[in-house]
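>>> Turn this into a structure:
(one chain, ligands or ions: 1)
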Amino acid sequence: MGTKGAVVGEPPPRSALVTGATGFVGSHLAKRLVRDGWSVHAVVRAACEFPESDEMARVHRYLCDGRVESVIDAVAAAKPDVVFHLASLFIAQHQAADVDRLVESNILFGSQLLEAMAQARVACLVNAGTSWQHFHGPDYDPVNLYAATKQAVTDIIRYYVDACGIRCITLKLFDTYGPDDRRRKLLSLLIQAARTGEPLALSPGEQVMDLIFVEDVVEAFLVASGMLLDGCEPAYQDFAVSGGQRVSLRELVKLCEEIMGARIPVNWGARAYRPREVMVPEWFADGLPGWRPRYSLREGLSRVLLPGAA
Ligand SMILES: NC(=O)c1ccc[n+]([C@@H]2O[C@H](COP(=O)([O-])OP(=O)(O)OC[C@H]3O[C@@H](n4cnc5c(N)ncnc54)[C@H](OP(=O)(O)O)[C@@H]3O)[C@@H](O)[C@H]2O)c1
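Residues are numbered from 1 along each chain as shown. Okay, here's the model as predicted:
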């Protein structure tokens, strides 16, 4: 990275390459990096819908086409200080037809990225993992095939760390929420039910959730990148990123009703729990040093549920 144009005494601007920049967390991260003055690059698929905003317009895009060469070319051209790897395919309960896509998005693409980083001598990687890699405790114990593929790419990262001088922090996230979420997750469904009065079919609702506001997640990625750029040891580390406030699904709906001042029609028990439902998320690793969530659940939810509260 060149320092041409940098003001004497100020740190040079950093450059980042983000995968998953069209997704929920990745787009929030890319926008924050742009606002903070980073030069931001994204590896995207041709068919993706790139979010439109002034910040996203300043992100340099490189197309990946499934071949390792396209990712090698992208990383060599961007030559970032840090790679943020957030691209992933999430499927809670897979069918046979999902297996190839899960492997392609969560293992193959990640492996291509690591190879590209090794070839371009890009050392710092912040990788997104999931709390679902730990169904019953601190040991690896995947909830589903999605979590197993996230573990597989982590094992591949460990090889590149040992053999190629890459340094990595994996942030294992609990459930995230926030504005501009196109994933049709629970909160959008609750808002829709409140608006339309159409009852929402849910499970009995006793499962406990650990929800974290997306801006806090983005801050955690920045803290992790700072640690890597400062040369933290050991070369591979992973940390849990938790919102710090746990509620059952029933308590969450009650809190949303309170914030919105509206009733949310829910048919509790109309759906069964998933066969491997996470009833209480396990605590499995230390929290990220120097970081803690700034938003309480009530504050974060207000930003999503009350237009104009942000
Ligand atoms: N959000 C959560 O609650 C949560 C919880 C635990 C862990 N995580 C982890 O956090 C990260 C971000 O999650 P998210 O919810 O923001 O994801 P998301 O909204 O589902 O977005 C996924 C992103 O990955 C990209 N992607 C998928 N397959 C790809 C491939 N083969 N090649 C290139 N790009 C590909 C998608 O691109 P297209 O636009 O082309 O589809 C999209 O940009 C993921 O690694 C996820 O496992 C998230």
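>>> How many residues are close by the closest residue to the ligand within the chain?
Taking CB to the nearest ligand atom, the ligand has its nearest neighbour within the chain at residue 23, 2.1 Å off. (Each C-beta comes from the backbone N, C-alpha and C, glycine too.) Residue 23 is flanked by 22 other residues according to other CB atoms under 10 Å.
>>> What are the phi and psi values at it?
When read as degrees, to the nearest 10, the backbone of residue 23 gives phi -90, psi -170.
>>> Ok, residue 236 next?
Backbone torsions of residue 236, given as degrees, to the nearest 10, read phi -120, psi 130.
>>> wait, it sits on residue 159?
No - the criterion here is CB atoms under 8 Å, and residue 236 misses it with residue 159 at 10.4 Å.
>>> List the buried residues in stretch 55-65.
Residues 55, 56, 59, 62, 64 are the ones in stretch 55-65 that count as buried (16 or more other CB atoms under 10 Å).
>>> Rebuild those as a markdown table, extending it with distance to the ligand.
Converted to a markdown table, the buried residues of stretch 55-65 look like this (distance: CB to the nearest ligand atom, whole Å):
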| residue | distance to the ligand |
| --- | --- |
| 55 | 16 |
| 56 | 12 |
| 59 | 12 |
| 62 | 11 |
| 64 | 6 |
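>>> Among the residues you listed, which ones are in strands?
Among these, the residues falling in strands (DSSP state E) are 62, 64.
>>> would you list the buried residues of stretch 55-65 in a markdown table and tack on pLDDT?
Shown next, in a markdown table, are the buried residues of stretch 55-65 (pLDDT from 0 to 100):
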| residue | pLDDT |
| --- | --- |
| 55 | 96 |
| 56 | 96 |
| 59 | 97 |
| 62 | 97 |
| 64 | 96 |
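>>> out of residue 236 and residue 159, which sits in the busier spot?
In this view residue 236 and residue 159 are compared by other CB under 10 Å, and residue 236 has more residues nearby, 18 against 13.
>>> Could you dump the buried residues of stretch 55-65 into a markdown table with distance to residue 149 added?
Below are those laid out as a markdown table (distance: CB to CB, whole Å):
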| residue | distance to residue 149 |
| --- | --- |
| 55 | 30 |
| 56 | 27 |
| 59 | 26 |
| 62 | 23 |
| 64 | 18 |
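>>> Around the ligand, which positions in the stretch 101-250 of the chain sit nearby?
By the rule CB under 6 Å from any ligand atom, the part of the stretch 101-250 of the chain lying against the ligand is 104, 105, 109, 128, 130, 150, 173, 175, 176, 183.
>>> Apart from its chain neighbours, what residue comes closest to residue 197?
Nearest residue to residue 197, sequence neighbours excluded (CB to CB, 6 or more residues apart in numbering): residue 265, at 6.1 Å.
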